[in-house]
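Chemist: no FASTA, just this:
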């Protein structure tokens, strides 16, 4: 027989879970819904709090269309270009290095691999200000190169590829070599086609990293031609703008662009990130 | 490692070169630049000269810098334990399966997809004294409106709040993985021995969670020592220096006061702090048996 009030712990657990979810999701929902309502309504129901704060009277796409005119289109284009370039270069460069660490035996391999692992314990933010001087010295300030190149090589993604390639039997490569394949062919034709999930995870990590980048783009390439989406949004909010609708529309686009691939690959992605810490 | 395929020296090198060059130029060289640049100063005529410890001595007598150190330490002493406790609470809450628990778990990591820049822009409006819906809610409930970022006493705590809104779900993932790694038998055995829920948490879960908790605490601290975007976007270090974190001071030194020596001296100090945390983290990462 169940004790009376046996439902109480479960009920409390669900109540707590629901309240926390509400506190996390409601601000995002409010941002999205505000981007879809007329300007005067956003202000009115922010100050005058009630059920109308979350349920608009009128819906409009004017801010989404307006946001594309207000310079956000350029910023979104820049961010997409930088993110996709980093994904393509990053997958190539890091998988090559991962392959070398997994397949070849060469002097200094262990020491070098430990150095590569150590490099991803240092957050990139710590490098931003000194790196600015290097990039200025190279004459790269306000260029796509400055935005893309520093994020291509990644100790963590080299590690991911190395872990995957170690699991492929060496005999496969040796047989290919005996048949006259070059090492490049062994890598490109045999190893890479087996690497699907690792490529997907690496692509997602690099994409989100660049799509959400703020500090480095602010420092290295803040000219209007190269401005990225996060910097553009922050700059509009700094100008004491009254165009909240446009800003919410741009922010909603920025969040959705990271959220959709994240939710699609959530399981791979979460497992991989967690691996980095609790191995 | 070992038993790889022996190859002539230049082939492995060719495969490694692009990544190694990238890591050397963009991860290693900046450390050298920060250290060297910390010893340089620019004269009024625009020449760069060796200045010895002058930048560090200037910092040592600069009340703005010491305020920034104090704020950064206070921020880290508060935010890191807070985030670990909340993340552990969240992990325990969604650990046991049940209807809809997967939904809640996903809802908790969702904010980690929102960039810190957008978190700042959004919460700056949500918490606005006049126009923000949070103050709208407070006054609808008959409570007093709060200044949040505009108050010297509330700004830093509000900063911790919005950073945790984004960050706790992320750290929860690591702790959740740690909880799954504890064999069920441990809890079962404790239950048979008559341990209540608190005792099982205190004497079974918590000791076995030491490693993931320590990892999260250290990784979180390393990141929060470099906390920047919300300070830049929302408060500009104010009001009255209340949120003037060191990373922001380093940025301001370079781009507002055009004092690169000071900026790189602060960067070097931050790099040393981060390197210490990275070394501890690295040991945890490398040796699964101890800790």
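Modeler: Nice, I can see it. Model, not experiment: these values are computed from the prediction. Numbering: from 1, shown residues only, chains lettered A, B, ... in the order given.

Chemist: rest of the way, CA atoms for contacts and neighbours
Modeler: Noted.

Chemist: mind checking the backbone torsions on the closest residue to residue A:244 other than its chain neighbours?
Modeler: Closest residue to residue A:244 apart from its sequence neighbours, by CA to CA, 6 or more residues apart in numbering or on different chains: residue A:39 at 7.3 Å. Here is the backbone geometry of residue A:39 (degrees, to the nearest 10): phi -50, psi -50.

Chemist: Now do the contacts for residue A:39.
Modeler: Residue A:39 makes contact with A:243-245 under the criterion CA atoms under 8 Å, 6 or more residues apart in numbering or on different chains.

Chemist: Mind doing that once more with 10 Å?
Modeler: Neighbour list for residue A:39: A:60, A:62-63, A:242-246 [criterion: CA atoms under 10 Å, 6 or more residues apart in numbering or on different chains].

Chemist: and if you look at residue B:130?
Modeler: Listed by CA under 10 Å, 6+ apart, the contact partners of residue B:130 are A:46-47, B:136, B:145-147.

Chemist: Got phi/psi on the residue nearest to residue A:221 when sequence neighbours are not counted?
Modeler: The shortest distance from residue A:221 to any non-neighbouring residue, by CA to CA, 6+ apart, is to residue A:142 (4.0 Å). Dihedral pair for residue A:142: phi 50, psi 60, per degrees, to the nearest 10.

Chemist: What of residue B:50?
Modeler: Torsion angles, degrees, to the nearest 10, at residue B:50: phi -70, psi 130.

Chemist: For the contacts of residue B:130, work out which two are farthest apart.
Modeler: Using CA to CA, the two most remote members of these are A:46 and B:147, lying 15.7 Å apart.

Chemist: tell me the pLDDT at residue 243?
Modeler: You didn't say which chain, so I picked chain A. We have a pLDDT of 78 for residue A:243.

Chemist: ah, no, chain B please
Modeler: 95.

Chemist: check contacts around residue 271.
Modeler: Chain wasn't specified; assuming chain A. A:201, B:173-174, B:177.

Chemist: you looked at the wrong chain, it should be chain B
Modeler: With CA under 10 Å, 6+ apart, residue B:271 has these contacts: A:122-123, A:125-127, B:31, B:34-35, B:222, B:225-226, B:264-265, B:277-278.

Chemist: just to revisit the earlier point, which one among the contacts of residue B:130 gets closest to residue B:189?
Modeler: Set against residue B:189, the nearest of the contacts of residue B:130 by CA to CA is residue B:146 (49.9 Å).

Chemist: count of residues packed around residue A:111?
Modeler: Using other CA atoms under 10 Å in any protein chain shown, residue A:111 is surrounded by 10 other residues.

Chemist: Would you check that residue A:183 makes contact with residue B:5?
Modeler: No. The criterion here is CA atoms under 10 Å, and residue A:183 misses it with residue B:5 at 11.3 Å.

Chemist: Which one's more surrounded, those two?
Modeler: Counted by other CA under 10 Å, residue A:183 and residue B:5 do not tie: residue A:183 has more neighbours, with 18 against 15.

Chemist: Secondary structure element holding the nearest residue to the more buried one once chain neighbours are set aside?
Modeler: Of all residues not flanking residue A:183 in the chain, residue A:177 sits nearest, at 7.3 Å (CA to CA, 6+ apart). Here residue A:177 sits within helix A:170-178, counting by DSSP states H and E.

Chemist: So for that helix, mean pLDDT?
Modeler: Mean predicted lDDT for helix A:170-178 stands at 88.

Chemist: Packing partners of it?
Modeler: For helix A:170-178, the packing partners by 3 or more CA pairs under 10 Å, 6 or more residues apart in numbering or on different chains; DSSP states H and E come out as helix A:73-103, helix A:183-185, strand B:5-6.
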